[in-house]
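In: Next one to model:
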Amino acid sequence: MAIRYTDQEIGALIQERKPVPEDWRNQFVTRIRRGSKERHLDLTGDMGNKFRIIIRQNHFNESSFSVILGVHDPLLNQLFRLRRYNGNDHTHTNEIEKVKVQGFHIHFATARYQRRGLREDDYAEATNRYKDVNEAFECLIADANLEAPFRLNNIF
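Out: Below you'll find the predicted structure:
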């Protein structure tokens, strides 16, 4: 199966500087969905790539959340998920390796998973770097070269 981005291209997208505007809180679009709340923020990287940060959290279970960084794929008009920081509300299985990942975990886009016809970010690793949605967002900021003029306080 064809891949949309190689591992090298994924790495370059992660490392691309993504300036965050001063009024970022006003630009976050909030949606209330059945059972969860969601916010997203669109950013343009220094190389012109269009990125989206999506933050979801379950209304009833604070450990059920995702903090996602995606890049807009102009050829397919779809969001390609580069990273996903998940809560500890479920066990994830890496399908290729047949390894279960429990607790908080980070999903990584890989060419290998794309090639196998799986979701681009289906590979995950356990982490102890965060314990809630706000700390997961701070990890994304640190990992994905978001140049943020702010200190994060409660995202919701």
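
In: can you pull the buried residues of stretch 57-74?
Out: 57-58, 63-71 (16 or more other C-beta atoms under 10 Å). No exception for glycine: its C-beta is placed from N, CA and C like everyone else's.

In: What ranges does the chain have for its strands?
Out: 18-19, 29-33, 36-44, 50-58, 65-73, 78-86, 92-94, 99-101, 105-108, 123-126, 146-147 (DSSP state E).

In: Neighbouring strands of the third one in the sheet, and parallel or not?
Out: With DSSP bridges as the test, strand 36-44 is paired with strand 29-33 (antiparallel), strand 50-58 (antiparallel).

In: Out of these, which one sits most buried?
Out: The highest mean neighbour count among those, using mean count of other C-beta atoms under 10 Å, belongs to strand 50-58: a mean of 19.

In: Tell me what angle that strand forms with strand 78-86.
Out: Counting by axes from the mean of the first three to the mean of the last three C-alpha atoms, to 10 degrees, strand 50-58 lies at 40 degrees to strand 78-86.

In: Enumerate every residue touching Lys18.
Out: 43-46, 51, 144-147 (C-beta atoms under 8 Å, 6 or more residues apart in numbering).

In: thought Lys37 was touching Arg56?
Out: Yes. Using C-beta atoms under 8 Å, Lys37 is in contact with Arg56, at 7.3 Å.

In: Tell me the helices and strands packed up against the helix or strand of the chain with the lowest mean pLDDT.
Out: When each helix and strand of the chain is scored by mean pLDDT, DSSP states H and E, helix 24-27 comes last, with a mean of 76. Judged by 3 or more C-beta pairs under 8 Å, 6 or more residues apart in numbering; DSSP states H and E, helix 24-27 is in contact with strand 36-44.
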